[in-house]
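Novice: Sequence plus the predicted model coming up.
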Amino acid sequence: AHSWAYDINSSGVIVGFVGQLAGEARQAFVYDGMMHGLGTLSDYMFSGALGINDDGLIVGYASTITGATCAFLYDGQSMLDLNALISPGSGWRLATADAINNNGQILCHGYDSVGGLHPLLLTPTVPEPSGLIALVCGLGSVAMFARRRGR
């Protein structure tokens, strides 16, 4: 078995992934004195936690055996596909959520409509009582940022 730690918050809570050798399933975890598996999204086999903020919100990715990935947010109770929080007609697919700050902003990587991978910043709009956050992605400014980076 092996494990990787990716982030730690100011309370000393650690996130990462743990798994077995030779292709066996790996799973996101949170360590707060004890290691707790976070599971994965339905239709995905693997997961990895990449970031945690001081409120305990965790971000990361879920992946299939073929390597297709999807960004997630974990609120301490459930894992949410971040793609469900952006407009379906936006042309973007969020692949990984790499970090989350204490304002709830999430740094992601996502694919545009032609398959280019770009960094994206998701900004929360309204916190919900459950701790999940609704996100709005300023795709106009993201697309402008992506065009500038391409020059």
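Specialist: Received the coordinates, thanks.
Novice: hey, where'd the strands end up in the chain?
Specialist: 2-8, 14-19, 26-31, 35-39, 46-52, 58-63, 69-74, 79-81, 93-100, 106-111, 117-127, 133-136 (DSSP state E).
Novice: And the ones you listed: which comes nearest residue 87?
Specialist: Closest approach to residue 87 among the strands of the chain (Cβ to Cβ): strand 133-136, 9.1 Å. (Each C-beta comes from the backbone N, C-alpha and C, glycine too.)
Novice: Can you give me the pLDDT of the nearest residue to residue 48 once chain neighbours are set aside?
Specialist: Closest residue in space to residue 48, ignoring its immediate chain neighbours: residue 17 at 3.9 Å, by Cβ to Cβ, 6 or more residues apart in numbering. With respect to pLDDT, residue 17 scores 92.
Novice: What of residue 110?
Specialist: pLDDT recorded at residue 110 is 96.
Novice: What is the neighbour count of the closest residue in space to it that isn't next to it in sequence?
Specialist: Using Cβ to Cβ, 6+ apart and skipping the chain neighbours, the partner closest in space to residue 110 is residue 94 (4.4 Å). Residue 94 has 25 neighbours, counted by other Cβ atoms under 10 Å.
Novice: hang on, isn't residue 94 packed against residue 86?
Specialist: Yes: using Cβ atoms under 8 Å, residue 94 is in contact with residue 86, at 6.9 Å.
Novice: if I look at the two, which residues touch both of them?
Specialist: Applying Cβ atoms under 8 Å, 6 or more residues apart in numbering, one finds that residue 94 and residue 86 are jointly contacted by residue 122.
Novice: wait, doesn't residue 110 sit right on residue 61?
Specialist: No: when contacts are counted by Cβ under 8 Å, residue 110 is not listed as touching residue 61 (11.3 Å).
Novice: overlap in contacts of those two?
Specialist: Joint contacts of residue 110 and residue 61 (Cβ under 8 Å, 6+ apart) are 71, 95.
Novice: re the thing from before, distance of the residue nearest to residue 48 from residue 118?
Specialist: 24 Å (Cβ to Cβ, to the nearest Å).
Novice: Report the beta-bridge partner residues of the nearest residue to residue 59 once chain neighbours are set aside.
Specialist: Closest residue to residue 59 apart from its sequence neighbours, by Cβ to Cβ, 6+ apart: residue 97 at 3.5 Å. Assessed by DSSP bridges, residue 97 has beta-bridge partners residue 108.
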